[in-house]
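Colleague: Prediction below, plus the sequence it came from.
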Amino acid sequence: MSAPTGTGVSTPSIAVVVNTRNEAGNLPAMLASCTGADQVVVADMESTDDTVALARAAGAAVLALPNAGICEPGRQPAIDAAGADWVLVLDADERLSAGGLDELRELAARADPAVAAYLIPEITLMGGRTVNGTGWGTRYERHPRFFRQGTITWPATIHAVPTFSGRCVDLPEGSTVHLTHESFRDLDHAWQKFNTYSGVEGIERAAAGAPTTWLTGLDDAIGEFTRRYQPDVDGGVSFALACGIFFYRLGVHLKALDARDELAPAPVPSAPAMAEALRALRDTLRSHEVRAARHRADQLAEAGDLVGAASLIETTAAVWQPDPDLLTDTAVLAARSGATAYALMLVDQVLQQCPDHAEARTARLALQVATGVRPPVTHLLIGSAPAEAGEVVVVPPGTPGGDLQAPLDALPFAPGSLRRIRVAASCLDAAQSTRKAVEDALRPLLVPEGSVQWLDEPAAAPCGDRPGERPTLNPGPPLADR
């Protein structure tokens, strides 16, 4: 027990307690991190490997316990077997930080008598990579692993939280003591654990008579996924682990139904409903992610980071292909960076998929102007009438008064750049108010000295395409004749 020191302050003894089941690969490193402990208790649950032999070779006391499938039933017996003033509980795949035992001993020596336990922060690893969020990491995981002997009650149910007869507090500010938990060897190991946990919890839930349906399971799974998912912290690892947790929580409820022989008769969603819901999930994710990526790329481009913007768009497109909007954005950014040939190739890909894609058509014409394939538009004819040299013809779709916006959007000119717009009145309502509205709409497209001219003679051909067909964009006479 406590030993006196030269300062009159007793040095408390510390016992390290660990529960094991086939932990020969982890136990030596865990024991090495706690060198200097006054006692080590290894509570083994029928290991079939060299765990027990390794424990005894390291000088640990071995307590044999029945294999319960989880460690919690063995926690309290292992703690009760310790004969020290304070107890430090570790799992076999955890490591105490360097110098941690000495710091904890000093902390225990001056601990307030009202304090029963200290919370120790834990770093979680998956395959050697630190998981900083997603419900793990030192921000979320601080466990009462260092406590006075005789103050703890540890329930036998899975993931049970122990209770104490005194206060449970954080380590003092500036303390460097922590645990490193090599929790998951890889993603497969993580999901294996989740599957085991859901089975145990499902049986416990069934035995407790807790109300369970697939819908309560889905609500539980959605809530846990939402609480944990942190892609901004852990990236794809967060998605993979949060998905595992989703099925873990859903599995608890389904396995509880199965344990009560209620799974087969339980009402479940219809196949069409599930298919529609899953498609809606995918479509919602796609819409949100594409929109967010385009917005962020716009911000990067405005800040002058064209390379970063293009990289973001290409990365997003690689996930959500085929996506005409993203390809068009990439083409525009490539053109701004001077890669016009690459930009034209991307735009042509878009137009092969979506011939009516307005932004792609605009970009293609603009690129043709930039490369000299097509001269810039300065003169415009709206309607079915004989075109003059150098005049680009736009025929509104549908009936007289048809919408001009789509065909105008597909032309390579900027507002305030056209010198003249001629309008065939036969394509529009002949009322003066309508003419004025059209002129007001077209005026911003003109240079200051530009003009809108009305052609009142009847058109030689019907105006516009048949309803339902896309608008005709006539580039006018061949380039050689202009």
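Modeller: Great, that's in hand.

Colleague: So what's the gap between whichever helix in the chain runs longest and the chain middle?
Modeller: Across the chain, the longest stretch assigned as helix under DSSP state H is helix 271-302. Distance of helix 271-302 from the chain centroid (CA atoms, centre = their mean, to the nearest Å) equals 12 Å.

Colleague: Over to stretch 189-199?
Modeller: In terms of CA atoms, centre = their mean, the centre of stretch 189-199 is found 22 Å from the chain centre.

Colleague: can you pull the buried residues of that stretch?
Modeller: Neighbour counts over stretch 189-199 (16 or more other CB atoms under 10 Å) mark 190, 191, 194, 197, 198, 199 as buried. In short, each C-beta sits where N, CA and C put it, glycine included.

Colleague: So which residue is smack in the middle of the protein?
Modeller: residue 231 (4.0 Å; CA atoms, centre = their mean).

Colleague: State the distance from that residue to residue 285.
Modeller: Distance, residue 231 to residue 285, using CB to CB, to the nearest Å: 12 Å.

Colleague: helix, strand or coil for residue 377?
Modeller: coil (DSSP: H, G, I helix; E, B strand; the rest coil).

Colleague: what does the longest strand along the chain rub up against?
Modeller: Using DSSP state E, we find that the single longest strand of the chain is strand 115-126. Under the criterion CB atoms under 8 Å, 6 or more residues apart in numbering, residues 94, 104, 107, 130-131, 136-138, 141-148, 151-152, 164-171, 177-187, 190, 237, 241 lie in contact with strand 115-126.

Colleague: beta partners of residue 184?
Modeller: With DSSP bridges as the criterion, residue 184 is bridged to residue 126.

Colleague: And for it, the neighbour number?
Modeller: The number of residues packed around residue 184, counting by other CB atoms under 10 Å, is 24.

Colleague: List the residues that contact it.
Modeller: 125, 126, 127, 190, 193.

Colleague: what's the closest non-adjacent residue to the third one?
Modeller: Spelled out, that is residue 127. residue 186 (4.8 Å; CB to CB, 6 or more residues apart in numbering).

Colleague: My guess is that neighbour contacts residue 129. True?
Modeller: No - assessed by CB atoms under 8 Å, residue 186 is found out of contact with residue 129, at 9.9 Å.

Colleague: Check residue 2 and give its pLDDT.
Modeller: Per-residue pLDDT puts residue 2 at 58.

Colleague: next one: residue 340
Modeller: For residue 340, pLDDT reads 80.

Colleague: do residue 372 as well
Modeller: 65.

Colleague: what's the strand or helix carrying residue 56 packed up against?
Modeller: Per DSSP states H and E: residue 56 is located in helix 51-57. Contact partners of helix 51-57 among helices and strands, from 3 or more CB pairs under 8 Å, 6 or more residues apart in numbering; DSSP states H and E: helix 27-32, strand 39-44, strand 61-64.

Colleague: quick one: which of these is nearest residue 329?
Modeller: helix 27-32 (50.1 Å; CB to CB).

Colleague: buried residues in the closest one?
Modeller: 27, 28, 30, 31.

Colleague: There's contact between the first one and residue 40 in this structure, I believe.
Modeller: No - with contact defined as CB under 8 Å, residue 27 and residue 40 do not form a contacting pair (10.3 Å).

Colleague: Residues that sit against both of those two, list them.
Modeller: Common neighbours of residue 27 and residue 40, using CB under 8 Å, 6+ apart, are 18, 55.

Colleague: and the next element down the chain from the longest strand of the chain?
Modeller: Heading C-terminal from strand 115-126 (DSSP H and E), you reach strand 129-131.

Colleague: right, so of the helices and strands packed on helix 51-57, which gets closest to residue 20?
Modeller: strand 39-44 (4.8 Å).

Colleague: ok, so of the buried residues of helix 27-32, who is nearest residue 318?
Modeller: residue 30 (42.0 Å).

Colleague: Residue 34 and residue 16 touch, don't they?
Modeller: Yes - counting by CB under 8 Å, residue 34 does reach residue 16; the two are 4.6 Å apart.

Colleague: Quick check: the farthest pair among the buried residues of helix 27-32?
Modeller: Those two in those that are separated most widely, counting by CB to CB, are 28 and 30, at 7.3 Å.

Colleague: Next up, the contacts around residue 344.
Modeller: Residue 344 neighbours (CB under 8 Å, 6+ apart): 331, 364, 367, 368, 371.

Colleague: Repeat the analysis, applying 6 Å as the threshold.
Modeller: residue 367 (CB atoms under 6 Å, 6 or more residues apart in numbering).

Colleague: Please identify which helix or strand holds it.
Modeller: Applying DSSP H and E, one finds residue 344 within helix 340-353.

Colleague: residues of that helix that come out buried?
Modeller: 340, 343, 344, 346, 347, 349, 350, 351.

Colleague: same check, this time on stretch 359-370
Modeller: Neighbour-count burial for stretch 359-370, counted by 16+ other CB under 10 Å, picks out 359, 360, 361, 362, 363, 364, 365, 366, 367, 368, 369, 370.

Colleague: would CSV of those residues with secondary structure and distance to residue 327 be doable?
Modeller: Putting those into CSV (DSSP: H, G, I helix; E, B strand; the rest coil; distance: CB to CB, whole Å) gives the following:
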residue, secondary structure, distance to residue 327
359, helix, 10
360, helix, 8
361, helix, 13
362, helix, 14
363, helix, 10
364, helix, 12
365, helix, 16
366, helix, 15
367, helix, 14
368, helix, 17
369, helix, 20
370, helix, 18
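
Colleague: Save those residues as a markdown table, and put in distance to residue 61 too.
Modeller: Supplementary listing: these in a markdown table, determined by distance: CB to CB, whole Å:
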| residue | distance to residue 61 |
| --- | --- |
| 359 | 74 |
| 360 | 74 |
| 361 | 80 |
| 362 | 79 |
| 363 | 75 |
| 364 | 79 |
| 365 | 83 |
| 366 | 80 |
| 367 | 78 |
| 368 | 83 |
| 369 | 85 |
| 370 | 81 |
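
Colleague: Fine by me, thanks again.
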